[in-house]
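K.L.:
here is my input; please provide its structure:
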Amino acid sequence: MSIPQQGGGPIEDFAQLAAYMESGEKPKSDWRIGTEHEKFGYCANAQKPLPYEGACSIKAMLEGLRDRFGWNPVLEQGNIIGLESNGANISLEPGGQLELSGAPLETIHQTCDEVNGHLREVQEIADKIGARFIGLGAAPMWSEAEMPMMPKGRYRLMTDYMDRVGTMGKTMMYRTCTVQVNLDFGSEADMVQKMRVALALQPVATALFANSPFLDGKVNGMKSWRSNVWTHLDDTRTGMLPFVFEDGFGYEAWVDYVLDVPMYFVYRDGKYINALGQSFRDFLKGELPALPGEKPTLSDWADHMTTVFPEARVKKFIEMRGADGGPWRRLCALPALWVGLTYDQGALDAAWDLVKGWDHDTRTGLRAAAAQDGLQGSYNGINMLDLARETVAISKSGLKARAKPGAGGLIPDETHFLNALEESVKSGKTLADELLEKYHGPWGGDLSKIYSEYSY
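P.N.:
The predicted structure is shown next:
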């Protein structure tokens with residue numbers, strides 16, 4: 001989850017909120033790729049999640065990365081809660097999931113090099129402290145009670161609030177992981193087209209990356225339990241956002257949506273002030289109960305924008321949020337999929353042609369089918385495997401058209417990063433299918449074997 005936003009003076013009028021988003025517009029030559037991924041850490045000897053403190057702990061990991069590789073610490077109330085270096089940062093999810101938020105980079109070759117370098121650093125420090133990491137969409141065996149809470153004020157507030165607005169908020173916070181990619185837009189019209197394609201095809205990403213068929217030590221009946229969790233969290237800030245597909249959608253419509261999402265907090269002087277359930281519209285009028293008489297800054301607005309969690313989210317860039325976390329070999333496939341679909345106009349138009357006839361019922365039905373059945377899902381006559389095959393093909397055409405070389409020109413483009421997805425659409429199997437086959441086959445129902453076979 002996001003770290004506190006910095007910069008930005010007082011908000012004087014509504015227009016500044018939309019202008020904040022508009023300020024993210026970039027010419028195509030400046031479009032970049034920011035890849036984020038989360039992973040579960042655990043102590044290898046006990047196969048239990050990393051606590052915050054101790055010899056084998058999150059704190060030891062962060063301090064090791066700081067001391068060995070020169071990352072700069074991020075502190076909250078004296079506790080190390082993250083790291084930053086050269087435009088990238090390492091942060092903590094509520095249950096100690098370690099997240100890399102990568103620097104904005106020009107090509108997938110570069111972002112994959114960044115991911116690989118990060119994981120090598122993590123592996124080195126983990127080996128020293130007796131820890132390991134595993135990429136899955138949901139913690140397969142650890143109960144909610146076993147998950148630690150990281151010392152971040154934002155998470156204490158959110159934890160208290162989650163049971164009031166849904167049934168799986170704490171499961172999302174403490175026992176799920178994702179991989180995301182952040183992408184740029186060139187104009188309001190470009191943002192609109194990309195957001196519509198992003199939301200409509202997010203179920204395809206969910207199906208292709210489905211990797212959470214276990215919870216509480218047993219089969220949970222879903223290929224992507226993580227995706228299912230998001231449908232039971234908080235309807236005011238999650239979902240497929242039908243208004244994005246309505247005539248007139250743009251920056252102001254997004255601002256209206258975010259303004260109507262209840263607040264979590266206001267960040268002041270290194271502390272999170274409880275504003276749970278309060279209204280940012282009241283804040284604009286100086287009538288926020290948490291800070292009576294005070295009006296927000298653009299930093300407060302930027303913070304509030306990070307507390308909406310739809311399947312695709314727009315700030316100064318667009319975030320693709322529908323995929324489960326996964327193994328090392330697949331972390332570069334997610335940015336490849338979305339860059340291919342959205343950074344070439346021909347591919348973006350083809351993707352929109354694929355989905356523009358769908359209604360909200362179809363989009364939400366496909367989302368549910370992806371969570372339940374992965375690539376075997378279908379809804380309203382649409383077969384997920386066929387849809388995924390066509391989506392990956394469009395993405396590949398977009399990557400070919402981009403023609404961004406790697407390895408000093410020896411690799412002509414970025415299409416090879418889709419290999420893992422092409423294998424999935426050829427076989428019709430997701431990572432969840434692979435895990436279930438092993439669980440019911442060679443593992444003989446012993447889920448603990450997942451750690452030895454799938455850890456980094």
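K.L.:
can you give me the strands for the stretch 151-300 of the chain?
P.N.:
Taking DSSP state E, counting those that start in this stretch, the strands of the stretch 151-300 of the chain run over residues 178-183, 214-215, 218-219, 238-239, 265-268, 271-274.
K.L.:
report pLDDT for residue 3.
P.N.:
You'll see residue 3 listed with a pLDDT of 54.
K.L.:
brain fart, residue 9
P.N.:
Residue 9 is given a pLDDT of 80.
K.L.:
tell me, how many residues neighbour residue 184?
P.N.:
Using other Cβ atoms under 10 Å, the number of residues around residue 184 comes to 23. Bear in mind the C-beta positions are built from the backbone N, C-alpha and C, glycine included.
K.L.:
surely it touches residue 30?
P.N.:
Yes - with contact defined as Cβ atoms under 8 Å, residue 184 counts as touching residue 30 (7.2 Å).
K.L.:
list residues touching both of the two?
P.N.:
Contact criterion Cβ atoms under 8 Å, 6 or more residues apart in numbering; no residue bridges residue 184 and residue 30 by contacting each.
K.L.:
count of residues packed around residue 67?
P.N.:
Neighbour count of residue 67, defined by other Cβ under 10 Å: 11.
K.L.:
swap in the one 5 residues further on?
P.N.:
Residues near residue 72, counting by other Cβ under 10 Å, number 11.
K.L.:
so it makes contact with residue 80?
P.N.:
No - the pair residue 72 / residue 80 is not scored as a contact, 10.5 Å apart, by Cβ under 8 Å.
K.L.:
mind listing the shared neighbours of those two?
P.N.:
The contact sets of residue 72 and residue 80 overlap at residue 66 (Cβ under 8 Å, 6+ apart).
K.L.:
let's have the strands of the stretch 151-300 of the chain in TSV, adding mean pLDDT, mean neighbour count and distance to residue 93.
P.N.:
Below are these laid out as TSV (pLDDT from 0 to 100; neighbours: other Cβ atoms under 10 Å; distance: least, Cβ to Cβ, whole Å):
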stretch	mean pLDDT	mean neighbour count	distance to residue 93
strand 178-183	98	25	9
strand 214-215	98	24	17
strand 218-219	98	14	23
strand 238-239	97	20	17
strand 265-268	96	19	17
strand 271-274	95	16	16
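K.L.:
wait, residue 209 sits on residue 330?
P.N.:
Yes - with contact defined as Cβ under 8 Å, residue 209 counts as touching residue 330 (7.0 Å).
K.L.:
comparing the two, which residue is more hemmed in?
P.N.:
Counted by other Cβ under 10 Å, residue 209 and residue 330 do not tie: residue 209 has more neighbours, with 33 against 22.
K.L.:
on the pLDDT front, check that one for me.
P.N.:
So, for residue 209, pLDDT stands at 98.
K.L.:
gap between it and residue 227?
P.N.:
Using Cβ to Cβ, to the nearest Å, residue 209 is found at 9 Å from residue 227.
K.L.:
what touches both of those two?
P.N.:
By Cβ under 8 Å, 6+ apart, residue 209 and residue 227 have these common neighbours: 137, 322, 324.
K.L.:
residues contacting the second one?
P.N.:
To tie it back to what came earlier, the one meant is residue 322. Counting by Cβ under 8 Å, 6+ apart, residue 322 touches 202-203, 205-206, 209, 227, 311-312.
K.L.:
grab the nearest non-local neighbour of residue 448.
P.N.:
Excluding the flanking residues, the one nearest residue 448 by Cβ to Cβ, 6 or more residues apart in numbering is residue 47, at 6.5 Å.
K.L.:
isn't that neighbour right up against residue 451?
P.N.:
Yes - counting by Cβ under 8 Å, residue 47 touches residue 451, with 5.5 Å between them.
K.L.:
can I get stretch 394-402 in CSV? Just the C-alpha atoms.
P.N.:
The C-alpha trace of stretch 394-402 is given here as CSV (Å, rounded to 0.1, in the frame of the first residue of the first chain):
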residue,chain,number,x,y,z
ILE,A,394,-3.2,-8.2,-29.2
SER,A,395,-0.7,-7.5,-26.5
LYS,A,396,2.0,-9.3,-28.5
SER,A,397,1.2,-7.2,-31.5
GLY,A,398,1.5,-4.1,-29.4
LEU,A,399,4.9,-5.1,-28.1
LYS,A,400,6.1,-5.9,-31.6
ALA,A,401,4.9,-2.4,-32.8
ARG,A,402,6.8,-0.8,-29.9
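K.L.:
and it, average pLDDT?
P.N.:
Summarised as a single mean, pLDDT over stretch 394-402 is 98.
K.L.:
pull out the buried residues from it.
P.N.:
Under the neighbour-count criterion of 16 or more other Cβ atoms under 10 Å, stretch 394-402 has 394-399, 402 buried.
K.L.:
bridging across strands, which residues link to residue 131?
P.N.:
residue 43 (DSSP bridges).
K.L.:
which ones are touching it?
P.N.:
Neighbouring residues of residue 131 by Cβ under 8 Å, 6+ apart: 41-44, 50, 56, 60-61, 125.
K.L.:
now do 6 Å
P.N.:
The neighbours of residue 131, taking Cβ atoms under 6 Å, 6 or more residues apart in numbering as the test, are 41, 43, 50, 56.
K.L.:
closest to residue 246 among those?
P.N.:
Proximity of the contacts of residue 131 to residue 246 was ranked by Cβ to Cβ; the top entry is residue 41 with 42.5 Å.
K.L.:
how near is the spatially closest residue to that closest one that is not a sequence neighbour to residue 68?
P.N.:
Excluding its sequence neighbours, the residue lying closest to residue 41 (Cβ to Cβ, 6+ apart) is residue 50, at 4.2 Å. According to Cβ to Cβ, residue 50 and residue 68 sit 17 Å apart.
K.L.:
so which of these two has more stuff around it?
P.N.:
Comparing residue 50 with residue 68 by other Cβ under 10 Å, the one with more neighbours is residue 50, at 26 against 12.
K.L.:
low-confidence ranges in the protein?
P.N.:
Residue ranges of the chain with pLDDT under 70: 1-8.
K.L.:
how about the residue lying farthest from the centre of the chain, what does it touch?
P.N.:
For the chain, the largest distance from the centre (Cα atoms, centre = their mean) belongs to residue 293, which lies 35.3 Å off. By Cβ under 6 Å, 6+ apart, the residues touching residue 293 are residue 286.
K.L.:
what sits closest to residue 171 if chain neighbours are left out?
P.N.:
Nearest to residue 171 is residue 229, by Cβ to Cβ, 6+ apart, at 5.3 Å.
K.L.:
adding distance to residue 377, write the strands of the stretch 151-300 of the chain out as a markdown table.
P.N.:
Converted to a markdown table, the strands of the stretch 151-300 of the chain look like this (distance: least, Cβ to Cβ, whole Å):
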| stretch | distance to residue 377 |
| --- | --- |
| strand 178-183 | 19 |
| strand 214-215 | 19 |
| strand 218-219 | 17 |
| strand 238-239 | 18 |
| strand 265-268 | 37 |
| strand 271-274 | 39 |
